[in-house]
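Chemist: dropping a prediction and its sequence here:
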Amino acid sequence: MANEESDEAHEPVVGTSALLLQLPEVAGHLKPWVDRWPHDGFTTHVTILVPFLNGAEIDEDVLAELLALFGGFAAFDVTFAESARFPTVIYLAPEPEQPFRDMTAAVYARWPQCPPYGGRYDAKPHLSVLYDPTEAEFEEVEPELRARLPLRARAAAVDLLVYDGGRWNLRESFPLTGS
């Protein structure tokens, strides 16, 4: 399956949920690009899994399982030193990449009915910067973006967000407390 684009570029339906590792400390470094797309309740992030279960399916048992699952992962420092693109998204590649892949794999192993990006795209970890740029915008943005790199952040929790038809709402946050 090819890396084509980030699923956040597609309009979600009411009740869609997402597991995101939000990194708000990076957002200020990515202005003005991230201001071009609506945040709708979330900030700069690396997607762990979207779509996850429908919000109506997320009960206390699911929340407890997610808490235990993500509690098995340790918080870690992440660096974004390279930009790249899918056909419709300019993104930053996280380093290390493996913890993101491992979290995605663990959630998908537990909930196989929730393939990453609905099974449409590879679950390549990335932090989206700009959606739907023209070729001219990519050529303009790339040098300025690269001049701001590397960016560093602390990956400390995975957030569960649910879409209500107008915005994404934080339902729960799961700290990465493993050793």
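Modeler: Nice, thanks for sending it over.
Chemist: now the residue positioned nearest the centre of the chain: how far from Pro32?
Modeler: Compute the mean C-alpha point of the chain, and by CA atoms, centre = their mean the closest residue is Thr47, 2.0 Å away. Per CB to CB, to the nearest Å, Thr47 is found 22 Å from Pro32. Using the backbone N, CA and C atoms, a C-beta is placed for each residue, glycine as well.
Chemist: what do you get for Ala74?
Modeler: 34 Å.
Chemist: those two: which is more packed in?
Modeler: Ala74 (12 against 9; other CB atoms under 10 Å).
Chemist: please identify the helix or strand for the residue lying farthest from the centre of the chain.
Modeler: The outermost residue of the chain relative to its centre, with distances by CA atoms, centre = their mean, is Ala136 at 25.8 Å. Secondary structure from DSSP states H and E places Ala136 in helix 135-147.
Chemist: is it true that His45 touches Val26?
Modeler: No: taking contacts as CB atoms under 8 Å, His45 lies outside contact range of Val26: 9.0 Å.
Chemist: now do the shared contacts for those two.
Modeler: Taking CB atoms under 8 Å, 6 or more residues apart in numbering as the criterion, His45 and Val26 both touch Leu127.
Chemist: for Pro24, which non-adjacent residue is spatially closest?
Modeler: In this structure, Pro24 finds its nearest non-sequential neighbour in Thr43, 4.3 Å apart by CB to CB, 6 or more residues apart in numbering.
Chemist: can you tell me the SS state at the one you found?
Modeler: Per DSSP: H, G, I helix; E, B strand; the rest coil, the secondary structure class of Thr43 is coil.
Chemist: and the gap between it and Leu49?
Modeler: Distance of Thr43 to Leu49, computed by CB to CB: 18 Å.
Chemist: likewise for Pro125?
Modeler: In terms of CB to CB, Pro125 sits 11 Å off from Leu49.
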